[in-house]
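Peer 1: turn this into a structure:
(one chain, ligands or ions: 1)
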Amino acid sequence: MLVHIKEILRDAGRRKYAIGAFNTVNLETTLAIVRAAVAVRSPVIVQISEKTIKYAELKPIADVIRTVARHVGGVIPVAMHFDHGRSFPAVRECVDAGFSSVHIDASESPFEENIAVTSQAVSYAHRFGVWVQGELGTIFGKEGLTKLRAGQDPSAYLTDPARVREYITSTHIDTLAVSIGTLHGSFRGRERLDLSRLSKISAAVSMPLVLHGGSGVAPAEIRSAIRRGIRIINIDTDLRIAFTKSLRRSLRKLQTNYDLRTYLGPATAAVQEKVERLMVLFGSAGKVNVSAR
Ligand SMILES: [Zn+2]
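Peer 2: Numbering: from 1, shown residues only. You can find the predicted model right below:
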């Protein structure tokens, strides 16, 4: 059942667990994510990126999420979110397409410019009751790693707890993506969270905090982050890895089989299994009381 993201976050805040925000790219990954939510009775955020919009087109993929939420999700709350909108027009399109939450990412711009771009997105989105995620501090991917190796101080890119309150009161965002040591992608064993920084950010604001680059972070660190106020954890790479590994195995084994379902079925199931495990780790599993709804 498609719901506004605020409904999901209200309960997560009250009972202090985190919601997985899982990136989808097509019907198969959407089915996997929503089936997992149904199987472990967890609320869930399904999100898409600009790359996915280029790949699947905005309205078709938005309709896929909506229809899977309704016909597969049943009573399970599913919220639709736009991840890493880099420009106001991109965000506006997703507000218009019926998303209940959008991320405006101007985090690589100077502080004042980040505030200006984010405020513009907020004033448009709030007219339609849509929530906005802002980002303070930059969360890098592989390209960023090279930048950092070039001798720049990595902590300069982390969220500055002293500026968080000003950022929020100037922009009126609803959720905040923080940079506390994760990277986009999976770098198993190499990502350490700056938990004391997270505690300082949490103490400064009362707003759901979002952890990007959650793939590959050690479970103990994830649990500590949730205790310190992380309410949304973005997962993309882990799902791609599960899907692709399964697909490779099938293709190697079944050289003369041309039924796509033979390959896509197990790959979808592999993603579902991964999502279920993460929902248990995040504490969102079992939080939907199926009989009461
Ligand atoms: Zn991200």
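
Peer 1: now the closest residue to Asp160 other than its chain neighbours, what are its backbone angles?
Peer 2: Counting by Cβ to Cβ, 6 or more residues apart in numbering, Gly137 is the residue found nearest to Asp160 once chain neighbours are left out, at 6.9 Å. No exception for glycine: its C-beta is placed from N, CA and C like everyone else's. Main-chain torsions, Gly137, degrees, to the nearest 10: phi 90, psi 150.

Peer 1: what about Gly137, how many residues nearby?
Peer 2: Burial measure for Gly137: 23 neighbouring residues, criterion other Cβ atoms under 10 Å.

Peer 1: so what's it up against?
Peer 2: 107, 157-160, 178-180 (Cβ atoms under 8 Å, 6 or more residues apart in numbering).

Peer 1: of those - the most surrounded one?
Peer 2: In these, the most neighbours by other Cβ under 10 Å go to Val178, 28 neighbours.

Peer 1: which residue sits closest to that residue, ignoring its sequence neighbours?
Peer 2: Val178 sits nearest to Thr159 (Cβ to Cβ, 6+ apart), 4.4 Å away.

Peer 1: again with Lys200
Peer 2: Leaving aside its sequence neighbours, Lys200 sits nearest to Pro161 (Cβ to Cβ, 6+ apart; 3.7 Å).

Peer 1: which pLDDT value belongs to that neighbour?
Peer 2: With respect to pLDDT, Pro161 scores 96.

Peer 1: and what of the one 4 residues further on?
Peer 2: According to the per-residue confidence, Arg165 scores 97 in pLDDT.

Peer 1: so it lies in a helix, does it not?
Peer 2: Yes. With DSSP: H, G, I helix; E, B strand; the rest coil as the criterion, Arg165 is assigned to a helix.

Peer 1: begin at 16 from now on, thanks
Peer 2: Sure thing, new numbering starts at 16, so read that last one as Arg180.

Peer 1: chain neighbours aside, what residue packs nearest to it?
Peer 2: Nearest to Arg180 is Ala219, by Cβ to Cβ, 6+ apart, at 5.2 Å.
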